[in-house]
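# A structural model of the following input is requested.
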Amino acid sequence: MKKIDNKGFLLTELLVTATIVSTVLIFLYVQFYSVKKGYEKSFEYNGVNELYALGNVREFLSDTGQIDSLVDMVRGPEKLFNPVPYTDIISNHLYGTNENYFNALITNSKIVKLYFMDEDITSVINYINRINDTEAAGSVATLKKFLGYIDYDRNGSSYRLVAEFTNGSFATLLVRNTSSIELPQPELIELPPIGDTNEEPETFDRNIEFNYSGDTEEYVIQKSGTYKIEVWGAQGGTSICNNSTCSVTPGYGGYSVGTINLARGTSIYVNVGGKGANGNLSDCAAGGYNGGGKGTNDGGSCGNANDDEAAGGGGGATHIALKTGVLSSLENDKDKVIIVAGGGGGASWTYTAGSGGGYLGGVNSTTSQTAVTQTTGNAFGQGQDASGYADSDGVGGGGGGWYGGYANNVRNQSAGSGGSGYINNSNLIDKHMTCYDCTADNNISTKTISNTCHNSEPTEDCSKEGNGFVRITYIETASNEPNTSNEYNIPSEYTMLSYIESTGTQYIDTGIYPKSTTKVEVDFALTSTTTSGGNGWGSSSYQESFLWGSFGNKFSTYLSSTWEYQTTNIALDTNKHKFELQSGSQKFDGVEFGTSTIGNTATSNQTMYLFAGKVEWQNSPEYFIKERIYEVKIYEENTLMRHFVPVINSSNQVGLYDLITETFYTNKGSGSFTAGPVVE
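Prediction:
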């Protein structure tokens, strides 16, 4: 039998098998690649944390009624003026009137871009493809890439939020008739509560600290209340003598402290001063961040030294403000600055530099003899850059501060002087500055304490070595948020008010005859700063005067048996303040002023009035004042005799209710008091 040749069949079989195996491998690769890319995209897009954060934003926009406005931008009449098929919510400020809360929410959610568009994103993609401007196209290139991954309904009638986050990821959620979609609640950054924007968080940071970072840092207040703010300026740089570090002290950073009421959602901007660089034989010594001036070497410029001496740079100031930027950039926004601690000057040769100051920058016998002040200095927020080389020692840079310190190209006086501090923000109370071996002052707005304490760790009332520092401590619910009527157990026929306000013809007779053992605490705010000679309230007789208010266009008092006039040196304003007055002690917003000498034995024969003054030689009250009163306490020998709170009764009479005698005190003058907001 003839044998059959099978070689052709085997070759065909082999080719078929190889084709099948290749097809299977390609299929598996495609599937694996798709899974891999999907897995990678899950980390970049629509992460659980990002979806949760975006869900909170969507809920805010829905609860505040902003969705309808956004719809108008992409579908309504506004569309006629807006050819772009989507809108940028953040850039266009489309978040309603609650700006502070929205900004806090966006910041805590780490969102950098927030877009609103139709559910059907076809028009958005087409629009992006048509953009010719390179920069504009680049700004939305990542958005386009993300939109390309979205599986969307071309016939969808809802809307879409798209967010870009600081880590480069994206997330999207639909908005259907402004209702929210339930989302998982993973552990995430602590976000402000949504919905009732007056609701305060149960947990929050009570102590916030900032070390030197070399940049502005924003912090959003989490809970309304009273905060203690402490700031330390930075130290200057030391000098080089005979090619080695000198045994000499650069100027220390100053210390400033005060308390302030801050509302939740308020953004504050913190700049921590940097230490001035030590002397440099090949270049200038850099000034510390936030206003420190440069120091030179014995070459007299920022080149190589002629020999082996070099001076240090000035230390930077530390400040907190309501506007971002280094201190020198806020010259036209001084009212936005809350507090400043001055930086120390740079040392030169063996000459000690001036330290960061209180109301004056620090100087001594080896620095400039001219101290910077609250209104003068090298420049606002900036210490002076040195020039020249003095006695071949190099010249130290000036310290940063409210006004920056001086560099001094003078033989034997070539160390830099310190910058001044600042506490004269009217919202800051219980405030003072502390500085090393400096000029003290007792005025409320510039109160300065001199000390000999310095430490590398931030220590209260102690000057700072090294970089600056900031500490913010929550103290209590803001003092301008009064207690509720339920807490005071006021009878049901009275409703507690935030304050009652006079128009200049009303007054209340407390029935108290003040004497040397009387103490008064009153929370108030003027509604007019226009005075004619003097306006105040209290009582006065030939034997005893107990008047306080506005005299000579300053917050002042007459508290003595000799009509001794005392002033706080604080110009009148309409902010809320507190007087605490007794023999031997007068406080305005927690700060001592004057030298009260209320009579040692005499008792006034006139009762104490509120909203007006009563003097013995007049038959009727005078010194009427236009103001709001929030709360008044009157003590006699440390016993609380009157505790007045503002109320309105069931007959719509406005007055003060005394919690001690359980008596309603009404207007004794003409007209009527104006009721403030009801305390809920």
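# show me where the stretch 1-150 of the chain has its strands.
Using DSSP state E, counting those that start in this stretch, the strands of the stretch 1-150 of the chain run over 86-88, 111-118.
# with the stretch 401-550 of the chain instead?
Under DSSP E, counting those that start in this stretch, the stretch 401-550 of the chain gives strands at 429-436, 448-451, 454-455, 463-464, 469-476, 494-496, 500-501, 508-509, 518-526, 534-540, 545-551.
# among the ones you listed, which is nearest Asp215?
strand 469-476 (13.3 Å; C-beta to C-beta). The C-beta positions use only the backbone N, C-alpha and C, and glycine is treated the same way.
# and that closest one, what's buried?
Residues of strand 469-476 classed as buried by neighbour count (16 or more other C-beta atoms under 10 Å): Phe469, Val470, Arg471, Ile472, Tyr474.
# can you say which helix or strand has Ala371 in it?
Using DSSP states H and E, Ala371 falls within no helix or strand.
# hmm, it is touching Gly361, no?
Yes - using C-beta atoms under 8 Å, Ala371 makes contact with Gly361 at a distance of 5.2 Å.
# who does Ser267 bridge with?
Beta-bridge partners recorded for Ser267 (DSSP bridges): Val220.
# give me the neighbour count for it.
Neighbourhood size, Ser267 [other C-beta atoms under 10 Å]: 16.
# got it, and the one 4 residues further on?
As a burial measure, Asn271 scores 33 neighbours (other C-beta under 10 Å).
# that one: what's it in contact with?
By C-beta atoms under 8 Å, 6 or more residues apart in numbering, the contact set of Asn271 is 215-217, 289-290, 317-321, 325-327.
# out of those residues, which is nearest to Thr367?
Using C-beta to C-beta, Ala317 comes nearest to Thr367 of those, at 17.2 Å.
# quick one: pLDDT of that closest one?
pLDDT for Ala317: 98.
# could you do Gly594 as well?
66.
# what's the distance between Glu636 and Ser583?
12 Å (C-beta to C-beta, to the nearest Å).
# what touches both of those two?
Contacts common to Glu636 and Ser583, judged by C-beta under 8 Å, 6+ apart, are Thr517, Thr518.
# the two - which one has more neighbours?
Ser583 (18 against 15).
# did I read that right, Thr574 in a helix?
No - counting by DSSP: H, G, I helix; E, B strand; the rest coil, Thr574 is not found in a helix; it is coil.
# the residue lying closest to it once chain neighbours are set aside pairs with what?
Sequence neighbours aside, Leu526 is the residue nearest to Thr574 in space, at 5.4 Å (criterion: C-beta to C-beta, 6 or more residues apart in numbering). Beta bridges link Leu526 to Glu627 when assigned by DSSP bridges.
# wait, doesn't Leu526 sit right on Ala571?
No - with contact defined as C-beta under 8 Å, Leu526 does not reach Ala571; the gap is 11.1 Å.
# helix or strand for Lys578, just tell me which one.
Using DSSP H and E, Lys578 sits in strand 576-582.
# chain center to that strand: distance?
In terms of C-alpha atoms, centre = their mean, to the nearest Å, the centre of strand 576-582 is set 25 Å apart from its chain centre.
# that strand pairs with which strands, and in what direction?
strand 518-526 (antiparallel), strand 585-588 (antiparallel).
# for Gln606, which of the ones you listed is the nearest?
strand 518-526 (12.6 Å).
# any idea of the mean pLDDT for the closest one?
Rounded mean pLDDT across strand 518-526 is 85.
# in it, what counts as buried?
Thr518, Lys519, Val520, Glu521, Val522, Asp523, Phe524, Ala525, Leu526.
# out of these, which is nearest to Leu656?
Val522 (11.2 Å).
# now do the contacts for the closest one.
Trp548, Lys578, Phe579, Leu610, Ile629, Glu631, Val632, Lys633.
# could you redo the last one with a cut-off of 7 Å?
Taking C-beta atoms under 7 Å, 6 or more residues apart in numbering as the criterion, Val522 is in contact with Lys578, Phe579, Ile629, Val632.
# now those residues in CSV, with pLDDT and distance to Thr249?
Output for the contacts of Val522, formatted as CSV (pLDDT from 0 to 100; distance: C-beta to C-beta, whole Å):
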residue, pLDDT, distance to Thr249
Lys578, 85, 40
Phe579, 81, 42
Ile629, 91, 51
Val632, 90, 50
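# returning to what we had before: just the closest of the buried residues of strand 469-476 to Val257, please.
Arg471 (9.2 Å).
# work out the gap between stretch 395-408 and the centre of the chain.
For stretch 395-408, the distance to the chain centre is 26 Å (C-alpha atoms, centre = their mean).
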